[in-house]
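Q: just need the structure, nothing else, for what follows:
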Amino acid sequence: MYLRLLFLLLILNAFTVLAQSTPDGTWDTSFDIGLGADETVKVIKELPDGKLIIAGLFTQYDGQNVNQIARLNHDGSLDTTFSAPFISDQLTDVLIDGDKILVTGYQVGPARLNADGSLDTSFSTDLEYSKKIAKQGDKYIITGASAVAGTGVYYGGLLRLNNDGSLDETFSGTGIGTGTGNNGGGSAINKTIVLSDNKLLVLGWFGFYNGAPANSVVRLNQDGTIDSTFIVPTGKIWGSVNNAVELPGGGYIITGSFVYVVGTEQRVFTAKIDNSGNFVAGFQVPWLYSILGTSIALQNNGNVIIGGWANGNNNYYRMVRLLPDGSTDTDFNLSGEFSPNGIECISLQDDYKILVAGRFTMFDNINRNRVARLNNDDKLSNDSFLNAGISVYPNPTNGEVFMRGGHQLPENSSVRVFNVEGRLLYEGSASANNALTNLSGFDSGVYIIEISGGNKTSIHKIIKS
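A: Below you'll find the predicted structure:
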């Protein structure tokens, strides 16, 4: 058993070295978009089968007509088996919900599509506008000023829909934000993040939320009432918060076009706040690499990738990778310039490669119209993988361990946990939809997780904290 484990670890380390030979942030040469999109792409996401969905304002992809949404094959080519009806001339967000695809847009409420792109007629709503969408349990959180068609009833910035598209009247308040607070006078809710405990983190540019003082970030309980244990001090954020990620150890990294002021300290466009809403002083992004963030992604190793628009000082960087303390990761290809316009969305594939969508038409002075995929390695010494596309998270963990990329494994896959001496501690079944294992009863330290199914084996080092 020990020799088997040692052999697997040696192979794992060899693959890790090979993976690092391709610089992070460089163009993935296996991704060929041809002519790309003819107009702005607002969102790009990976589907469970490894294909990609893009949506936005475009009407052509690689010279072929599409209705503001398209499905791409893994290599970047257009998947012509996907055909969606016209929904809106400006689609703004996509939610992957099992084999369904939900889209939002201007002058339209959310629509739900079947896997082939056809309209799911079991879902209907009378909303006239929707900006962003997220899943909370079996219901949908809609961010954006929405009105009931033909009634003139204005719901404000946030509401919740049942699974069939009807309004969930158990959700508290309308979420309308107003700009009468001390944050510069905005009145918009930009995005809502569904947190790991199903609470909601609401982001935007507002001074009040549901009549209560707020400061561009507010946390809600599951029913939509304000969580009074989270308060961003009034006047600390000036400007708009566009996006955020929840950190495994608690707290959040927020990004946007704001200045966060605490005493004599300032954080421009990106800041870290703790689980109570207080500013974290030790996290600081150098001004040169401060981006007007539109999108943010968290890697397993704690590094954060931010995409957006260049600030007026550098007029260059539109994507950076930050270390956990906010400093710039110089191992990332900072010379890779998206131009002449910015990034609307970034997301990570199961193999950690970076998907990019936006208004740019060039990358590294080569025509790349509005869609990109960049090389990226998690570079996590305690979470390397033998075969690309399968990973475990969170890492470190206090207990439960989950799997990304499980669609690559058959249903009868197995998981085994070893200590570093090669002793088998646990054996069970592996599922992408459930926890692989629970290490809460294990001592703190390093463990080895082996996931096997068919002819695939994936080995991971994980830390139990």
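Q: isn't residue 224 up against residue 172?
A: Yes - with contacts counted by CB atoms under 8 Å, residue 224 reaches residue 172, the gap being 3.7 Å. Backbone N, C-alpha and C define where each C-beta goes, glycine included.
Q: the two: who's more crowded?
A: residue 224 (21 against 15; other CB atoms under 10 Å).
Q: quick one: secondary structure of that one?
A: Judged by DSSP: H, G, I helix; E, B strand; the rest coil, the three-state class of residue 224 is coil.
Q: number of residues surrounding residue 444?
A: Residue 444 is flanked by 10 other residues according to other CB under 10 Å.
Q: who are the neighbours in contact with it?
A: Residue 444 makes contact with 464-465 under the criterion CB atoms under 8 Å, 6 or more residues apart in numbering.
Q: same check, this time on residue 253
A: By CB under 8 Å, 6+ apart, the neighbours of residue 253 are 244-245, 247, 270-272, 283, 296, 298, 304.
Q: in CSV, list those along with secondary structure, distance to residue 48 and pLDDT.
A: Below are the contacts of residue 253 laid out as CSV (DSSP: H, G, I helix; E, B strand; the rest coil; distance: CB to CB, whole Å; pLDDT from 0 to 100):
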residue, secondary structure, distance to residue 48, pLDDT
244, strand, 25, 97
245, strand, 21, 96
247, coil, 25, 90
270, strand, 31, 93
271, strand, 33, 92
272, strand, 31, 93
283, coil, 33, 87
296, strand, 22, 96
298, strand, 20, 92
304, strand, 25, 93
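Q: spatially, which two of the residues you listed are the most separated?
A: Largest separation among these by CB to CB: 271 and 298, giving 15.0 Å.
Q: where does the stretch 201-350 of the chain dip in pLDDT?
A: Along the stretch 201-350 of the chain, segments meeting pLDDT under 70 span 288, 312-317.
Q: let me see the domain layout of the protein.
A: According to automatic domain parsing, the chain is divided into the following domains: 2-12+382-464, 24-374.
Q: span of the last one from start to end?
A: Translated: domain 24-374. 7 Å (CA to CA, to the nearest Å).
Q: hang on, the earlier thing: tell me which of the domains of the chain is the most buried.
A: domain 24-374 (a mean of 19; mean count of other CB atoms under 10 Å).
Q: how far away is residue 112 from residue 137?
A: Residue 112 sits at a distance of 16 Å from residue 137 (criterion: CB to CB, to the nearest Å).
Q: how about the helices in this protein?
A: 2-19 (DSSP state H).
Q: what's stretch 96-115 in contact with?
A: Counting by CB under 8 Å, 6+ apart, 45, 47-48, 53, 55, 68-69, 84, 87-95, 117, 119-120, 122-123, 125-133, 135, 140, 142, 144, 146, 149, 161, 165 sit against stretch 96-115.
Q: an error on my part: the question was meant for stretch 160-172.
A: By CB under 8 Å, 6+ apart, stretch 160-172 touches 109-110, 112, 122-125, 136, 138-142, 159, 210, 223-225.
Q: repeat that with 10 Å
A: By CB atoms under 10 Å, 6 or more residues apart in numbering, the surrounding residues in contact with stretch 160-172 are 97, 102, 109-112, 120, 122-127, 130, 133-142, 146, 148, 155, 158-159, 175, 192, 200, 210, 220-226.
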